[in-house]
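[1] Based on what follows, work out the 3D shape:
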Amino acid sequence: MKPFLPALLENGKIPSLYFRNQGLIHDHPIVVYADFETYQNKLTDVTRGTHTKVLASMNGAASFGFYAVSSIPSIPSHGSIERGTADEFIKQMLVLALRYRHVCRNPVEMKIRRRELEEHKVARKCYMCGRTRESLEAEMKGEKNLTEEEEMWLASVKSKVSYSFVKDHDHITGRFRGSSCFTCNLKAQMPKQVIVFFHNLESFDGHLLIEAIMRLRAHPTAQTSNENDSDDDEDLQGLSEMAEYQDGDDYETGVITLDWKRISRMRFDIIANTSEKYMQITLGPLVFRDSFKFKDVGLANLIKGQRKPCKDGKTTLSECFPILAANHPFLKKFPGDVSLDLILQKVPMAYTAITDSGYFDLPTVLPQEAYDNDLSGEPCSDKDFKLVGTVAQHFDLKDQGEYHDLYLWTDVLALWRPCAEDGGSIAASTFSSPSLCPLHHTRPC
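    Below is the predicted model:
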């Protein structure tokens, strides 16, 4: 594609580009990586239209796994693999998100040292946007080129003689971050929603989420109308805020009541490419996004790319996959790079055997044809089938349930590092890539 160059200004000079989203440079307090495994039935001689052959029908979630990376003391990083439905998964995520919103509404008071206070008094520029006190004062006195936030601030102060910087602080730790202008201080507020990433949500996982949300929002007596239905944005916002707080909820322990009435009041939005492909799904304080939009390769190739630094012998596998190495339950039982290397080889999964809950009690190693790749039509190779047996023996797996858990934990934990490179972690986005950060956008700009 031919690049579009900026047009020259009237004076013939090249226009300057400015970064204005200073609020995106700070750490995101919490982010979740998740995946489903589904019940499915193999089909033969079934087509959709004239060109599409249907290989299997999906019959709901057989299990779900997630890992939440958090910098919030009251909500430590944690994960879980459960035999459960998409409905149960969404409820757990809503509890997590409501606890996070409670933290947002109850910020820690600022903790500022005497030295930091003295530095703030003599600060000459905003630590985020770099605008100097002099330039801000000049704009304030002339009241020209002011942002909407600065106009609001001007209306709230009596004197327009000098510009005072705002003390910006971290609402989780209370740490003083620096002296900022009023605009940047507003932009740097804590994100109000928890982002949950699925790899390739658009093609499949999004359908499970939509169906589950519709069930959770449905009236128990199957009414088709809701007395709180409204198309007005302000009404919807009010109902959403009402749904977030309820007497009797314990946000510290996570004992929170969720019923159809409360969930139905939460704002429900979808950003879709087509009627069957969803880029983003929002339910109240939750936002589900597709990490595949930023890393458009399969998870096996993502893992392969992340292993490359190990080839020089200076970097260990544990350093390449720190979250996975530190939190994978099977690596805690069988520690070491030998175990990590086996897990990262992405062992084959007998997807067509997952037809009902009886799958989890099946023998650890199934017949070789059970591991065939139905999508590509490729049979399971002798090498891959041997790997299945090696993994089962090394980790002393008792049945398909344990084999499934090892596989799903790997999928969930391995997703963290590739997404983190694009800002999809609690790490702050850099100035060079804020427009690509999956925490703030549905796809690269």
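[2] going forward, measure contacts and count neighbours with C-alpha atoms only.
    Will do.
[3] Contacts only, for Ser180.
    Contact partners of Ser180, counting by C-alpha atoms under 8 Å, 6 or more residues apart in numbering, are Lys125, Cys126, Tyr127, Met128, Phe165, Val166, Lys167, Asp168.
[4] Please enumerate the strands of the stretch 101-250 of the chain.
    Remark: strands assigned in the stretch 101-250 of the chain by DSSP state E, counting those that start in this stretch are 166-169, 176-180, 194-198.
[5] Identify all contacting residues around the last one.
    Residues from elsewhere that reach strand 194-198 (C-alpha under 8 Å, 6+ apart): 30-35, 97, 100, 205, 285-292, 439.
[6] cool, the first one as well?
    Contacts of strand 166-169 from elsewhere in the structure, counted by C-alpha under 8 Å, 6+ apart, are Met110, His120, Arg175, Phe176, Arg177, Gly178, Ser179, Ser180, Cys181, Phe182, Asn185.
[7] Mind checking which of these are buried?
    Met110, His120, Arg175, Phe176, Arg177, Gly178, Ser179, Ser180, Cys181, Phe182, Asn185 (16 or more other C-alpha atoms under 10 Å).
[8] hmm, who's touching stretch 342-360?
    Taking C-alpha under 8 Å, 6+ apart as the rule, stretch 342-360 contacts 38-42, 62, 300, 303, 366, 370-372, 384-385, 387-388, 391, 399-402, 404, 406-407, 410.
[9] First residue to last residue on that stretch, what's the distance there?
    Taking C-alpha to C-alpha, to the nearest Å, stretch 342-360 runs 22 Å from one end to the other.
[10] repeat for stretch 103-121
    OK, stretch 103-121 end separation, C-alpha to C-alpha: 29 Å.
[11] Tell me if I'm right that His78 and Tyr67 touch.
    Yes: proximity of His78 to Tyr67 meets the contact threshold set by C-alpha atoms under 8 Å, at 5.8 Å.
[12] Pick out whichever of the two has more residues nearby.
    The neighbour count for His78 versus Tyr67, taken as other C-alpha atoms under 10 Å, is higher for Tyr67 (23 against 12).
[13] who's in contact with the more buried one?
    Residues near Tyr67 by C-alpha under 8 Å, 6+ apart: Val32, Tyr33, Ala34, Ser77, His78, Gly79, Ser80, Val412, Leu413.
[14] Leaving out the residues flanking it, which one is nearest to Ser291?
    With sequence-adjacent residues excluded and distances taken as C-alpha to C-alpha, 6 or more residues apart in numbering, Ser291 is closest to His199, at 5.0 Å.
[15] how near is the one you found to Asp170?
    Distance of His199 to Asp170, computed by C-alpha to C-alpha: 31 Å.
[16] same question, Arg115
    18 Å.
[17] Tell me which of the two has more neighbours.
    Asp170 (20 against 8).
[18] What backbone torsions are found at the more buried one?
    Main-chain torsions, Asp170, degrees, to the nearest 10: phi -80, psi 120.
[19] Assess the claim that it and Phe176 are in contact.
    Yes: counting by C-alpha under 8 Å, Asp170 touches Phe176, with 6.4 Å between them.
[20] shared neighbours, those two?
    In contact with both Asp170 and Phe176: Met110, using C-alpha under 8 Å, 6+ apart.
[21] Just give the closest residue to Asp249, not the sequence neighbours.
    Asp249 sits nearest to Ile256 (C-alpha to C-alpha, 6+ apart), 4.7 Å away.
[22] Now do the contacts for the one you found.
    With C-alpha under 8 Å, 6+ apart, Ile256 has these contacts: Val95, Gly248, Asp249, Asp250.
[23] Burial check on the second one, number of neighbours?
    Looking back up the chat, that one is Gly248. 9.
[24] ok so, going back, distance of the residue nearest to Asp249 relative to Leu94?
    Applying C-alpha to C-alpha to Ile256 and Leu94 gives a distance of 9 Å.
[25] Same question for Ile270.
    17 Å.
[26] Considering only helices and strands, which part of the chain has the lowest mean pLDDT?
    Between all helices and strands in the chain, the lowest mean by mean pLDDT, DSSP states H and E belongs to helix 233-244, at a mean of 53.
[27] and the lengthiest helix in the chain with strand 194-198, angle?
    Counting by DSSP state H, the longest helix found in the chain is helix 86-105. Counting by axes from the mean of the first three to the mean of the last three C-alpha atoms, to 10 degrees, helix 86-105 lies at 150 degrees to strand 194-198.
[28] before we move on, back to that, just the ones of the contacts of Tyr67 in helices?
    Short answer: the contacts of Tyr67 in helices (DSSP H) are Val412, Leu413.
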